[in-house]
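>>> pasting a predicted model and its sequence here:
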Amino acid sequence: MTKTVLITGAGRGIGRQMVLQYLAKGAKVIACARTVSDLDDLVAKGAEAYPLEVTDLDAINALKASLGDRPIDVLINNAGIIGPERQAVGDMDIDGWRQTMEVNVFAPYRVSEALVDNVAASDHRTIVMLSSQMGSIELSTSSDRFIYRTSKAALNQVMNCLAIEWKPRGIRVISTHPGWVSTDMGGSAAPVTPAESAAGLIAVAEGVTDTSSGRFWNYDGKEMPW
């Protein structure tokens, strides 16, 4: 049976590459972005496009209503932001911190909660959170990007709680580190291309098992420390 994959933040970067690569594999892809016109070329290649502002609960509910009971094999919460310019102790943008948590933590939770029945109705029953190595407490050796780091650490705990909560339903939930990727967020100096990251993340998502659920994985398939 052909997999159905839903990807948030599909208009650019890693999300766009995952759409393209899943389409090349023959999957049915539901691509979501704030500006649906950003997805026009992906629609031309076979994707379905839906508008989604991930911080807008009404927009999430509208997406759920549009999808109805349709099964979703793989739900990829890719949408995220790096946060505001001021992220230093003593010079912290608190309002920007709140907004970053809205996008990077509350939104993936809300999208997952809204679509959990769709995921449960599928064969693969997988939810993937796009986290970051910068959310690993064990690997932290710097306080730069303070806000971004805290949001991804929180997202990892959201993932862990959902993996526990939904295990009886056969749903597997993981966090992933996409690598340091040459996107608008990662910058041009990053060593990993969006295509390389997307290929690795797809392989990780395709290989999820009950045992690997509730854990944090690098895009190359290696487990990440908390």
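Perfect, I can see it now. Nothing here was measured: the structure is a model prediction, and the numbers come from that model. Numbering: from 1, shown residues only.
>>> could you say what helices and strands the strand or helix carrying Lys64 packs with?
Element membership for Lys64 (DSSP states H and E) is helix 57-67. In terms of contacts (3 or more Cβ pairs under 8 Å, 6 or more residues apart in numbering; DSSP states H and E), helix 57-67 is packed against strand 48-51, helix 107-120. To be clear about C-beta, it is placed using only N, CA and C from the backbone, and glycine gets the same treatment.
>>> average pLDDT across the longest one?
Mean per-residue pLDDT for helix 107-120: 98.
>>> please compute how far that helix lies from its chain's middle.
Distance of helix 107-120 from the chain centroid (Cα atoms, centre = their mean, to the nearest Å) equals 12 Å.
>>> for that helix, buried residues please.
Ala107, Pro108, Tyr109, Arg110, Val111, Ser112, Ala114, Leu115, Val116, Asn118, Val119 (16 or more other Cβ atoms under 10 Å).
>>> cool, and stretch 81-90?
Using 16+ other Cβ under 10 Å as the test for burial, stretch 81-90 gives Ile81, Ile82, Gly83, Pro84, Gln87.
>>> ok, stretch 147-160 next?
147-156, 158-160.
>>> distance to Ala44 for the buried residues of helix 107-120 - can I get that in TSV?
Output for the buried residues of helix 107-120, formatted as TSV (distance: Cβ to Cβ, whole Å):
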residue	distance to Ala44
Ala107	27
Pro108	28
Tyr109	32
Arg110	30
Val111	25
Ser112	29
Ala114	28
Leu115	25
Val116	31
Asn118	25
Val119	27
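>>> what secondary structure does the closest residue to Leu75 other than its chain neighbours sit in?
Excluding its sequence neighbours, the residue lying closest to Leu75 (Cβ to Cβ, 6 or more residues apart in numbering) is Ile127, at 4.7 Å. Three-state call for Ile127 (DSSP: H, G, I helix; E, B strand; the rest coil): strand.
>>> tell me the bridge partners for Ile127.
Counting by DSSP bridges, Ile127 forms beta bridges with Leu75, Val173.
>>> might one say that it is in contact with Ile171?
Yes - using Cβ atoms under 8 Å, Ile127 is in contact with Ile171, at 6.6 Å.
>>> pull stretch 125-137 out as PDB, backbone CA atoms only.
Only the C-alpha atoms of stretch 125-137 are listed here, as PDB (Å, rounded to 0.1, in the frame of the first residue of the first chain):
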ATOM      1  CA  ARG A 125       1.800   5.000  12.500                       C
ATOM      2  CA  THR A 126       4.900   7.300  12.800                       C
ATOM      3  CA  ILE A 127       5.300  10.800  14.000                       C
ATOM      4  CA  VAL A 128       8.600  12.600  13.500                       C
ATOM      5  CA  MET A 129       9.700  15.800  15.300                       C
ATOM      6  CA  LEU A 130      12.400  17.900  13.700                       C
ATOM      7  CA  SER A 131      14.600  18.700  16.700                       C
ATOM      8  CA  SER A 132      18.200  19.700  16.900                       C
ATOM      9  CA  GLN A 133      21.500  18.600  18.400                       C
ATOM     10  CA  MET A 134      21.300  22.000  20.100                       C
ATOM     11  CA  GLY A 135      18.500  20.600  22.200                       C
ATOM     12  CA  SER A 136      20.700  18.000  23.700                       C
ATOM     13  CA  ILE A 137      21.700  18.900  27.300                       C
END
